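In: quick one: sequence plus predicted model below, questions after.
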Amino acid sequence: MLSGAGLKVDGAVSSQLANVAGAANTLQRRGYDGCWTAEVNHDPFLPLTLAAEHTDTLELGTSIAVAFARNPMTIANIGWDLQDYSRGRLIVGLGSQIKPHIEKRFSMPWSHPVRRMHEFVVAMREIWTCWRDGTSLEFEGEFYTHKLMTPMFTPEPHDYGSPKVFLAAVGEAMTELAGEVADGILAHAFTTKRYFAEVTTPALQRGMARSGRRRSDFQVSCPIFVVTGEQERDLTAAAVATRKQIAFYGSTPAYRKVLELHGWGDLHTELHRLSLAGQWDAMGTLIDDEILEAFAVVAPIDKVAAKIRDRCDGLIDRVMIGFPSSVAEDSVSQVLKELHGI
């Protein structure tokens, strides 16, 4: 595992195109290592074109693009072009989404998500190999077949290699797959340090063992809840908002196992009941200080870097964090310098 000295710090940019250039430039100016877009109500790839145009050092990634809403060829094309335009700075972050969204929102097939994702990544990489090395494209799998590639449809070569591929994972099976076939994992913010150590890391190691890969060739990326501020009132306000976020995720059945590891399984039951009743404010009050500290880094701005490093050390290689708008830009830059060991 990487130590805190090697920690990369990332931020997020809005996927609204009009806001991307300024936001990405601000992240680079403040000293962030990368910026990520999400696929929520906008396409996640288009903003990265603007981010690439208006920055020159930031790594650029999707966290996430919905893989099963597309196919290996479509993402291979987008990834190849963005890797070229960004001069080698792209990370293709893929996630499976869930069955109702794939079938009812995207009108695409859903089955065996781990097997399908494994095949998706392998097929996409074979397409990139075909374009890079001029080899014949002969991929035929259970879910995807790519066996036709003529010169007319082959993109121009470039000097930047294939993009890195990260996989979003919550369950152990998808986490193992990330360790086996991806360049990194996009872990979920609803993850404690103990869960990382006892569940996520062993699953990654099992996946790496299957493919004979080394930990040094792999990156663990994770967003972290950060409760901080210049004044005590800022910390208080940030804590209230973060308790609500933690409660929301804690009410979701898919994340119950994280709570159960800590002996908080009954909390999920109550949070889920309140969520069905629409009692969102009441849910936040159930997140006490012990639970808040388990899921979030809580510290004043002058001490937050040390706590983030402690949270990540030995487990997380790159962390996505955001700061309240009340925190001055100079303070943000100082925290980033400390996280980078400067």
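Out: Sure thing, it's come through.
In: need phi/psi at the nearest residue to Lys99 once chain neighbours are set aside.
Out: Nearest non-adjacent residue to Lys99, counting by Cβ to Cβ, 6 or more residues apart in numbering: Trp110, 4.6 Å away. Glycine gets a C-beta too; all of them are placed from N, C-alpha and C. Dihedral pair for Trp110: phi -130, psi 130, per degrees, to the nearest 10.
In: enumerate every residue touching Trp110.
Out: Trp110 makes contacts with Phe68, Lys99, Ile102, Glu103, as judged by Cβ atoms under 8 Å, 6 or more residues apart in numbering.
In: among those residues, name the ones in helices.
Out: Lys99 (DSSP state H).
In: let me know the secondary structure of Met124.
Out: helix (DSSP: H, G, I helix; E, B strand; the rest coil).
In: mind listing what the nearest residue to it once chain neighbours are set aside touches?
Out: Distances taken as Cβ to Cβ, 6+ apart put Pro72 closest to Met124, at 4.1 Å, once the chain neighbours are dropped. Pro72 is in contact with Phe120, Ala123, Met124, Ile127, Phe139, Tyr144, His146, counting by Cβ under 8 Å, 6+ apart.
In: again with Gln334
Out: Shown in contact with Gln334 (Cβ under 8 Å, 6+ apart): Ala305.
In: mind listing what's buried in the lowest-mean-pLDDT helix or strand in the chain?
Out: Least confident helix or strand, the chain: helix 329-339 with a mean of 91, by mean pLDDT, DSSP states H and E. For helix 329-339, a neighbour-count test (16 or more other Cβ atoms under 10 Å) marks Ser331, Val332, Gln334, Val335, Leu336, Glu338, Leu339 as buried.
In: tell me the one among those residues nearest to Met152.
Out: Distance to Met152, by Cβ to Cβ, is smallest for Leu336 among the buried residues of helix 329-339, at 46.2 Å.
In: what sits against the closest one?
Out: Val9, Arg30, Gly31, Tyr32.
In: any idea which helix or strand carries Gly93?
Out: Using DSSP states H and E, Gly93 falls within strand 90-95.
In: so which elements touch that strand?
Out: strand 59-62, strand 65-66, helix 72-85, helix 113-133, strand 164-168, strand 184-186 (3 or more Cβ pairs under 8 Å, 6 or more residues apart in numbering; DSSP states H and E).
In: any chance of these in JSON lines, plus distance to Asp43 and mean pLDDT?
Out: Below are those laid out as JSON lines (distance: least, Cβ to Cβ, whole Å; pLDDT from 0 to 100):
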{"stretch": "strand 59-62", "distance to Asp43": "10", "mean pLDDT": "98"}
{"stretch": "strand 65-66", "distance to Asp43": "9", "mean pLDDT": "98"}
{"stretch": "helix 72-85", "distance to Asp43": "10", "mean pLDDT": "98"}
{"stretch": "helix 113-133", "distance to Asp43": "18", "mean pLDDT": "98"}
{"stretch": "strand 164-168", "distance to Asp43": "17", "mean pLDDT": "98"}
{"stretch": "strand 184-186", "distance to Asp43": "18", "mean pLDDT": "97"}
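In: isn't His272 up against Pro253?
Out: Yes: between His272 and Pro253 there is a contact under Cβ atoms under 8 Å: 7.0 Å.
In: who has more neighbours, these two?
Out: His272 (16 against 8; other Cβ atoms under 10 Å).
In: OK, contacts around that one?
Out: So His272 contacts Ser251, Thr252, Pro253 (Cβ under 8 Å, 6+ apart).
In: and what of Leu137?
Out: Contacts of Leu137 (Cβ under 8 Å, 6+ apart): Glu126, Ile127, Cys130, His146, Lys147, Leu148, Met149.
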